[in-house]
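Novice: Requesting a structural model of the entry that follows:
(2 chains)
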There are 2 protein chains.
Amino acid sequence: MTTTPTPIALGPAPDDLLVDAVVRGGGRVVDLADAEALVWAGDDTARFPAELPDSIRWVQLHSAGVEHWFDAGVIQRHPDVVWTSAAGAFAATVAEHAFTLLLAGVRALPEHLAATTWRQREFFDKVGTLRGARVAIVGAGGIGRAMIPMLTAVGATVVAVNRSGREVPGAAEVVTADRVDEVFGRVDHVVVAAPATADTRHLVGAPQLAKLGPRSWVINVARGPLVDTDAVVDALRDGRIGGVGLDVTDPEPLPDGHPLWALPNAIITPHDSNPPSVRSAAFADHVAENVRRFVGGDELAAQIDPAAGY
Amino acid sequence: MTTTPTPIALGPAPDDLLVDAVVRGGGRVVDLADAEALVWAGDDTARFPAELPDSIRWVQLHSAGVEHWFDAGVIQRHPDVVWTSAAGAFAATVAEHAFTLLLAGVRALPEHLAATTWRQREFFDKVGTLRGARVAIVGAGGIGRAMIPMLTAVGATVVAVNRSGREVPGAAEVVTADRVDEVFGRVDHVVVAAPATADTRHLVGAPQLAKLGPRSWVINVARGPLVDTDAVVDALRDGRIGGVGLDVTDPEPLPDGHPLWALPNAIITPHDSNPPSVRSAAFADHVAENVRRFVGGDELAAQIDPAAGY
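Specialist: Residues are numbered from 1 along each chain as shown, chains lettered A, B, ... in the order given. Model prediction:
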């Protein structure tokens, strides 16, 4: 028996890596009008087709966070289509970035890099270790879960925070999201990797920062509004926390002259934890896997829940 | 049957953590004249006892590298005594430091920290990943071996270089030290964690650096003279390597005004990978374990080889 490769459209522009991924997964690339699925590798919601043919049963989007697709109403317009994000595809590289920011903070790299003279005794009191540290991962999705083996490898213990309280492999403890505030009082560091929703806005604000210690680092690789920027600036100025590592900011981009640029223990990376060079290969692998599942009638990875908004 | 705790002396100064460690291991603390072993928690070779009682069969030193004890002739003066270093005791924290320097380099943290404006597109080309990278660990002793699970957790592959060529758990490949030069041509990054001997001086020099690429990082957490500082400065100025992370330098301390302080992709940490706060607890654990072995007649950990010089 020969099977005809499943017809799949690509947009908004041709991309050899994705053509190859579709073929690897058991599909073939066709025009949108003839397709059963659409892989959309663009971020500009205005360029998305105003109407989809009735034959389209699945749309694969390009990013892990999809709130801008909800904001633009695109997903809501097509309730009969299964939507998938790229959640999980970039988990490993974003996790590596978050882990790097945390390690760099704990090992006092910002202050080391600012030094122009050998000040060993001074640094003896600044250099810490993740060995034996307790690290909260708020939002134990793909990124959070990908961090756990990294943190474990350097001897840290993980407290995972998720909505369900369901067990998270490798975490010493799981706390449900409604009890997240109490976690701040008994961990050394906090990594924010939760989706952006109304519930998670300012998840890290002044009350939560007040529960951390002067050597605690807060890392955000999710979305800027999960952290209250003004509260962070205040805490850093007063030395009430050790520092922050932010790959996402609020506002974003962080404007020139913003106090965070000048605060010594704020490591700002301009939303580049998942740069295109690394991203393209990871997204292609994700597409190949989802095409394979679509062709085989299996459940797709990273399905978007229109009711939940992510 | 009751056993008398083995008599062990401590020097140069009293230390509650070490008294506790001796007792934990099955010993008791006595004066040097009555002791069978000496735990010496000092770095100043001139303060070491000029003569040891005949009853002393073992001396435990305080540092992982012991070349200064050889240089001072202390070890050679007592050929009938078993000498142990603290090699391995600090392996995990030094490995964490080396790993942090490498990750920080690959993720372009020095350039991020110097930035005061959002330059996402520019950084997209600078941020790399250790996922899929090949990392040479030159000197697969305690520190090198402790790094392997960390590197593996972020998806890197390890090429271990040791004298014997003996298998190293977790390394994809082991190369003998006499073939170290060829390794530079086929790895992405190099971590130096080898002992300082006449053979390892300038192990990383101009010819080796020339085999690396413009995104390669070289990390040294062993001893300064293993890396040719002038060759590193030249390579950095020409952009022939990505950067260096040096916890040890040559000369050390690195003098004020040295070009390495000003080169953007040189991360200098003033030999603080194993700060006293972290070190004391780790050394006490090492002492307790070696006392336990001494009491039980087992082979001691981290024995110094007087012929090899480390």
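Novice: quick one: the strands in chain A?
Specialist: A:6-11, A:27-29, A:37-40, A:58-60, A:82-84, A:134-138, A:157-162, A:173-176, A:189-192, A:217-220, A:243-246, A:266-268 (DSSP state E).
Novice: What lies in contact with the second one?
Specialist: Applying C-beta atoms under 8 Å, 6 or more residues apart in numbering or on different chains, the contact partners of strand A:27-29 are A:5-10, A:19, A:22-23, A:37, A:291, A:294-295. In short, each C-beta sits where N, CA and C put it, glycine included.
Novice: So chain A: which segments form each domain?
Specialist: Domain assignment for chain A, taken from the TED database, gives A:6-86+A:276-296, A:91-268.
Novice: Quick check: end-to-end length of the shortest one?
Specialist: With C-alpha to C-alpha, to the nearest Å as the measure, domain A:6-86+A:276-296 spans 10 Å from end to end.
Novice: Check the burial of A:Asp20 by counting its neighbours.
Specialist: Neighbourhood size, A:Asp20 [other C-beta atoms under 10 Å in any protein chain shown]: 14.
Novice: how far away is the nearest residue to it once chain neighbours are set aside from A:Ala41?
Specialist: Distance criterion C-beta to C-beta, 6 or more residues apart in numbering or on different chains; nearest residue to A:Asp20, sequence neighbours excluded, is A:Ala284 at 6.9 Å. Distance check for A:Ala284 against A:Ala41: by C-beta to C-beta, to the nearest Å, it reads 9 Å.
Novice: so what sits against both of these two?
Specialist: Common neighbours of A:Ala284 and A:Ala41, using C-beta under 8 Å, 6+ apart, are A:Leu18.
Novice: got the residues of the stretch 101-250 of chain A near chain B?
Specialist: A:101, A:103-104, A:106-107, A:109-110, A:112-120, A:123-125, A:127-131, A:149-150, A:152-155 (C-beta under 8 Å from any C-beta of the partner chain).
Novice: Averaged over its residues, which helix or strand of chain A has the lowest pLDDT?
Specialist: Ranked by mean pLDDT, DSSP states H and E, the helix or strand of chain A with the weakest confidence is helix A:276-296, at a mean of 91.
Novice: how far out from the middle of the chain is that one?
Specialist: 17 Å (C-alpha atoms, centre = their mean, to the nearest Å).
Novice: so what secondary structure elements neighbour it?
Specialist: The contact analysis (3 or more C-beta pairs under 8 Å, 6 or more residues apart in numbering or on different chains; DSSP states H and E) places helix A:276-296 against strand A:6-11, helix A:16-24, strand A:27-29, strand A:37-40, strand A:58-60, helix A:91-106.
Novice: And those: which comes nearest A:Pro79?
Specialist: The closest of the helices and strands packed on helix A:276-296 to A:Pro79 is strand A:58-60. By C-beta to C-beta, the value is 12.1 Å.
Novice: which residues does A:Gly26 contact?
Specialist: Taking C-beta under 8 Å, 6+ apart, we find A:Gly26 in contact with A:Thr3, A:Pro5, A:Thr6, A:Val291, A:Arg292, A:Val295, A:Gly296.
Novice: still on that earlier bit, of the residues of the stretch 101-250 of chain A next to chain B, just the buried ones, ChimeraX syntax please.
Specialist: Restricted to buried positions by 16 or more other C-beta atoms under 10 Å in any protein chain shown, the ChimeraX selection for those reads:
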select /A:101,103,104,106,107,109,110,112,113,118,123,124,127,128,129,130,131,149,150,152,153,154,155
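Novice: Just the ones of the residues of the stretch 101-250 of chain A next to chain B in helices?
Specialist: Judged by DSSP state H, these include A:101, A:103-104, A:106, A:109-110, A:112-114, A:120, A:123-124, A:149-150, A:152-153 as members of helices.
Novice: got any ranges where the stretch 151-300 of chain A has weak pLDDT?
Specialist: Counting by pLDDT under 70, the stretch 151-300 of chain A contains no low-confidence segment.
Novice: how about a cut-off of 90?
Specialist: Along the stretch 151-300 of chain A, the model assigns pLDDT under 90 to residues A:195-199, A:276-282, A:285.
Novice: Around A:Leu263, how many other residues sit close by?
Specialist: Other residues near A:Leu263 come to 17 when the count uses other C-beta under 10 Å.
Novice: next one: A:Asp44
Specialist: Neighbourhood size, A:Asp44 [other C-beta under 10 Å]: 9.
Novice: residue contacts, the closest residue to it other than its chain neighbours?
Specialist: Among residues not flanking A:Asp44 along the chain, A:Pro12 sits closest, at 7.7 Å (C-beta to C-beta, 6+ apart). Applying C-beta under 8 Å, 6+ apart to A:Pro12 gives the contacts A:Trp40, A:Ala41, A:Gly42, A:Asp44, A:Arg47, A:Phe48.
Novice: among these, which ones are buried?
Specialist: Using 16+ other C-beta under 10 Å, the buried ones in the contacts of A:Pro12 are A:Trp40, A:Ala41, A:Phe48.
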